[in-house]
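Peer 1: Pasting the sequence and the predicted model now:
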Amino acid sequence: MIFTNITNIDEFFETVDKCEGKIELVTEQGDSFNLKSTLTKYVVLVKILSSCTIVEARIKAYSYADAQKLMKFMANH
């Protein structure tokens with residue numbers, strides 16, 4: 001899934017934390033980062049501090065239920 005213009009970063013990570021399975025951020029180079037990892041959250045936050053928005057993110061959910069939670073988050077924002 002490609003998410004764009006995520007402005008509520010805190011609520012985005014709260015949604016990720018509610019997911020039961022693995023949720024990854026996939027870079028353009030094909031690297032994957034576990035979004036449930038505290039270290040990854042810090043890295044993502046440092047990258048977006050200047051704009052307070054995630055302009056585009058490729059997110060991979062490993063379960064249908066988790067994908068639905070993420071899509072619901074995006075539909076509400």
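Peer 2: Alright, I've got the coordinates.
Peer 1: buried ones in stretch 34-51?
Peer 2: Within stretch 34-51, the residues scored as buried using 16 or more other C-beta atoms under 10 Å are Leu35, Thr40, Lys41, Val44. Any C-beta I mention is one placed from the backbone N, CA and C, and that applies to glycine too.
Peer 1: oh sorry, the question was meant for stretch 19-33
Peer 2: Neighbour counts over stretch 19-33 (16+ other C-beta under 10 Å) mark Cys19, Ile23, Glu24, Leu25, Phe33 as buried.
Peer 1: follow-up on the earlier one: pick the one among the buried residues of stretch 34-51 closest to Met71.
Peer 2: Set against Met71, the nearest of the buried residues of stretch 34-51 by C-beta to C-beta is Leu35 (15.1 Å).
Peer 1: On the three-state scheme, Ala57 is what?
Peer 2: Following DSSP: H, G, I helix; E, B strand; the rest coil, Ala57 is assigned to strand.
Peer 1: Wait, it touches Ile9, no?
Peer 2: No. In this structure, Ala57 is not within contact of Ile9 by C-beta atoms under 8 Å, at 10.7 Å.
Peer 1: so what's in contact with those two at the same time?
Peer 2: Contact criterion C-beta atoms under 8 Å, 6 or more residues apart in numbering; no residue bridges Ala57 and Ile9 by contacting each.
Peer 1: quick revisit: possible to save the buried residues of stretch 19-33 as CSV with pLDDT, distance to Asp66 and secondary structure?
Peer 2: Formatted as CSV, the buried residues of stretch 19-33 follow (pLDDT from 0 to 100; distance: C-beta to C-beta, whole Å; DSSP: H, G, I helix; E, B strand; the rest coil):
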residue, pLDDT, distance to Asp66, secondary structure
Cys19, 96, 4, coil
Ile23, 95, 6, strand
Glu24, 93, 11, strand
Leu25, 87, 14, strand
Phe33, 87, 16, strand
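Peer 1: Can you name the two of these that sit furthest apart?
Peer 2: Cys19 and Phe33 (14.7 Å).
Peer 1: what about the helices in this structure?
Peer 2: Taking DSSP state H, the helices of the chain run over residues 9-18, 38-48, 64-76.
Peer 1: Reformat those as a markdown table; add mean pLDDT and distance to Phe3.
Peer 2: Below are the helices of the chain laid out as a markdown table (pLDDT from 0 to 100; distance: least, C-beta to C-beta, whole Å):
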| stretch | mean pLDDT | distance to Phe3 |
| --- | --- | --- |
| helix 9-18 | 91 | 8 |
| helix 38-48 | 76 | 12 |
| helix 64-76 | 94 | 6 |
